[in-house]
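Participant: Any chance you could fold what I've pasted below:
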Amino acid sequence: MVSAAKEPRAPARATTAHDAGTRIRTPDQRLRVFVSSTLRELEAERRAVRAAIERLRLAPVMFELGARPHPPRDLYRAYLEQSDVFVGIYGERYGWIAPDETISGLEDEYRLAPAGMPRLIYLLAGAEREPRLDELVDRIERDDAASYKAYASPEELAELVEADLATLLAERFDSARSVAGPATAEGRPDLLAARIPSAYTRLVGRDRELAAVLALLADRDNRLVTLLGPGGIGKSRLAIAIAEAAGAHFPDGTAFVPLENVLEPELLLPTIGHAIGVRDSGELPIEQRLAIALEGRRMLLVLDNFEQLVAASPILVRLLTIAPDATFLVTSRAVLRVRGERVVDVPPLATHDPASPDSVARARTAPAVELLVERAHAVKPDFEVTEANIEAIVGICRVLEGLPLAIELAAARMRVLTPAAILQRLDRQLPLLVDASRDLPPRQRTLRSTIEWSTGLLAESERRVLRELAVFAPGFTLESVEAFAAARGWDVDVVAALEALVDSSLVEQADIDGEAVFSMLATVREHGIERLSETGEEDAARSAHAAVYAELARREGRGLGFSQQMSAVQRLNLERSNLRAAVRHLTSAGDVEMAADVAWRLFLYWWMGAYLMEVALWMEEVLARPAETVSPRARATAAFFIAWRDMWLRPSHEIPTGLLAAAADFAADGDDLGAAMCIATAGFAEINTADPDIEQAGAWLHEGTRRFHELGAGWGESLALVALARISALTGDLASATTQSQRAVEAAVGSGDRFAATVATHHLARMHLFVGRVEEAERMLLDAVAGSVALRHEEGIAYGLEGLAATAATRDDVERAGVLAGAAAAIRKRTAMFDAPAFVFHTRYLAELAERVDPDRLRVAEKRGREYGAFEAADYALTGRTGSTG
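Facilitator: Next comes the predicted model:
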């Protein structure tokens, strides 16, 4: 196959599927060269080309319209069928369109040329081509089976044609010596003519998919297997590896049939026929000829790039019937949706160790990282992975979401950019990721062209849905899309449109907790945003998206502190990224009232998800606006979130003062719960300072506790009691601290709030540990860790791990104590959620342990624990082993 390029290309190779295996003819069986051009416009060129062909003792086929007993189209179809090489000469004119036809004979000739026939195209330099001829030339430039060159005069054209045909003859002679003849001993075509393409690179990270497909192909009931995935995911490369490895199952061989330039369904069977040496001579229907050729043949036919021929799927089903011993492996961006199809999704390459997704050290062996490093070595032999660049290398792979083509394009930039520089520029991916290897088809040389190829196969209504879905962050549900569709006035069946996009590999669908959740690759999203911006629809689409998630926050926020908490958290977790995107849009668009309302309703959820620092940044934008443009309630909400952040990062006595002012604003607005939150938090903020006023802090916390109790907000009452227990512990009154922690647990459990219950249980366990009740403390801590895992609350997991590290230290269990402490430290570093220094207790137990044992053993265990992911560490804590807890 010949590569397509932006500049004129070399002549098409003679060893195409059209003539593979055919020997050079003797003088009385000369090669026939079909010449296509407009007649009068290019008369001089036609004479020059005829002379060049005859100088090589070849036979020119020059169609001239005249009085013949056959219609012109039938005539030049017959000429083409009897020819071996197609020569196209194009000047300025598109050519005459016959009555009842929609295209000229010039274009018809190009279309009717057999799919595998070598095509030599010559373009008049500097010509002002007619628009329809421009369109035809554009199509030719996308055709990997064609070469094209520019010429300035008939004389130059003759030289080019003679040289290119001579090259074809030389290659044909070379092929004739190495390829078997067109017929077997039984007179059947050579079914190995379409050989498996050579793999130029090593297959990386596809062991699982390779094994899965080989297992399917080993079962003769699976005769149609589709490798499904978006452009650039590596389907063709995987298909080559499968074809190479599947030889034992297919004694009659494997044929690889590229379809990327076959656009008409009626050309599917002729293309397959040409690939395996079956010529469509017209003597018998192509289906009958294929049936004869494939009869009794246990072979594998690989049909590569089927997506633009999905309409031909019924034809493929007929082929399954007429070739009952053949098996078909299809690569496609779209599901064929026919009986008997077995679909194998080709996923992105893994970018991390699933058990520890945030570990950079453990990501070094991830397939995506391996691919990036290998391809970087190819373009820059002295490229090395170092401690200085590994984080950027891993970051590149994660931003590119493991998409192999994107990784290859990024690696190509390593010649001039460092990994850190590439990562910095990946905020806008599409402009950076261009210029892959020149032997790739144009549609795979940039991510933009790859995406445009896929979107071009959609209906216009589906393209609109795709570009508007670009405002969604990864992870959104059908319910949210339907609400968005109503707001945007989509005139489509939403389920059918989503199904079409999933089938086209432009939208991904996963089942999470029994719910269908959708996402799209970042590159597809970016492309969609570009299209939205071009049409002037981006702001309206983002506003509609934000409105959908503001309503979700209102609906689910009501259950967060009560018995509906688990279901509310699960629902919000499905669309966590979109909730964040909605608040970001609201603040940047100036809708601070709605932004503050959404933030406030989801306070407990942001806390569980470790997003309170991020929310505080959004709220700073609220306070930055002119005071007269923001309501007192919105300002109070913003002040609360900022104070919550600062009381941990920058504790001071000014923070309680600001919180009390916010409490007054909430009270004035009739929000008693908001007022209670601010008053209790003022007490909490005070005890975090370096020199707390314990009496005043206690007074604020007692007042907050009372108000929460009167409002029936057991979750708030529980959290206020936890803070009071901290004060008691700080002053050495462990009995009161234990009682208050126990009351905190009861208040949370009474309201149905599992989150507050885990926080309270952690603190109650501490009190038991402090007085030597280690087994009771450990039991409670294990329960709290399990609850935090269920809520996906990583800070809660860290608290539990710290407590369990302390209980392990009391037993001189160096391994467990060190691993759990190291894992907790890693969580806190990543989430930037640290306990106040006065209340960090587990380090004292670890220090005492280090005095009793070899401290190096403890340090080694801590280092190992820092490589654990939060849920991997929780699994270790709960079961004594590592693994996946979700």
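Participant: C-alpha only now, for contacts and for neighbours.
Facilitator: Fine.
Participant: Look up the closest residue to residue 655, ignoring the ones flanking it.
Facilitator: Counting by C-alpha to C-alpha, 6 or more residues apart in numbering, residue 655 lies nearest to residue 643, which is 5.9 Å off, once chain neighbours are set aside.
Participant: Which strand or helix spans the nearest residue to residue 684 once chain neighbours are set aside?
Facilitator: Distances taken as C-alpha to C-alpha, 6+ apart place residue 723 nearest to residue 684, at 6.1 Å, with adjacent residues excluded. For residue 723, the host element (DSSP states H and E) is helix 714-730.
Participant: Convert the helix or strand just after that helix to PDB, retaining C-alpha atoms only.
Facilitator: Sequence-wise, the next helix or strand downstream of helix 714-730 (DSSP H and E) is helix 734-751. Below are the C-alpha coordinates for helix 734-751, written out as PDB (Å, rounded to 0.1, in the frame of the first residue of the first chain):
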ATOM      1  CA  LEU A 734     -10.300  11.900  78.700                       C
ATOM      2  CA  ALA A 735     -13.500  10.800  80.500                       C
ATOM      3  CA  SER A 736     -15.400  13.800  79.100                       C
ATOM      4  CA  ALA A 737     -13.800  13.300  75.700                       C
ATOM      5  CA  THR A 738     -15.000   9.700  75.600                       C
ATOM      6  CA  THR A 739     -18.600  10.700  76.700                       C
ATOM      7  CA  GLN A 740     -18.800  13.500  74.100                       C
ATOM      8  CA  SER A 741     -17.400  11.200  71.300                       C
ATOM      9  CA  GLN A 742     -20.000   8.500  72.300                       C
ATOM     10  CA  ARG A 743     -22.800  11.100  72.100                       C
ATOM     11  CA  ALA A 744     -21.400  12.200  68.700                       C
ATOM     12  CA  VAL A 745     -21.700   8.700  67.400                       C
ATOM     13  CA  GLU A 746     -25.300   8.400  68.700                       C
ATOM     14  CA  ALA A 747     -26.300  11.700  67.200                       C
ATOM     15  CA  ALA A 748     -25.000  10.700  63.700                       C
ATOM     16  CA  VAL A 749     -26.400   7.200  63.800                       C
ATOM     17  CA  GLY A 750     -29.800   8.700  65.000                       C
ATOM     18  CA  SER A 751     -30.000  11.000  62.000                       C
END
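Participant: counting contacts, what elements does helix 734-751 pack onto?
Facilitator: Helix 734-751 sits against helix 714-730, helix 754-770, with contacts defined as 3 or more C-alpha pairs under 8 Å, 6 or more residues apart in numbering; DSSP states H and E.
Participant: so where is the stretch 751-886 of the chain shaky, pLDDT-wise?
Facilitator: For the stretch 751-886 of the chain, residues meeting the criterion pLDDT under 70 lie at 881-886.
Participant: Residue 329 - that's part of a helix, no?
Facilitator: No: counting by DSSP: H, G, I helix; E, B strand; the rest coil, residue 329 is not found in a helix; it is strand.
Participant: so which helix or strand takes in residue 823?
Facilitator: Per DSSP H and E: helix 814-831 holds residue 823.
Participant: for that helix, the distance to its chain's centre please.
Facilitator: A distance of 31 Å separates the centroid of the chain from that of helix 814-831, by C-alpha atoms, centre = their mean, to the nearest Å.
Participant: and that helix, which residues are buried?
Facilitator: Neighbour counts over helix 814-831 (16 or more other C-alpha atoms under 10 Å) mark 814-828 as buried.
Participant: Specify which member of those is nearest to residue 313.
Facilitator: Proximity of the buried residues of helix 814-831 to residue 313 (C-alpha to C-alpha) peaks at residue 827, which lies at 50.7 Å.
Participant: And the closest one, how close does it get to residue 405?
Facilitator: In this view, residue 827 and residue 405 are 33 Å apart by C-alpha to C-alpha, to the nearest Å.
Participant: Under the pLDDT cut-off, which ranges of the stretch 101-250 of the chain? List them.
Facilitator: Where the stretch 101-250 of the chain drops to pLDDT under 70, the residues are 144-145, 171-194, 200.
Participant: ranges for the strands of it?
Facilitator: With DSSP state E, counting those that start in this stretch as the criterion, the stretch 101-250 of the chain has strands at 119-124, 146-151, 224-228.
Participant: next one: the shortest one to chain centre, how far?
Facilitator: A distance of 19 Å separates the centroid of the chain from that of strand 224-228, by C-alpha atoms, centre = their mean.
Participant: what helices or strands is it leaning on?
Facilitator: Using 3+ C-alpha pairs under 8 Å, 6+ apart as the contact test, the elements touching strand 224-228 are helix 207-218, helix 235-245, strand 327-332, strand 341-345.
Participant: Many thanks, we can stop here.
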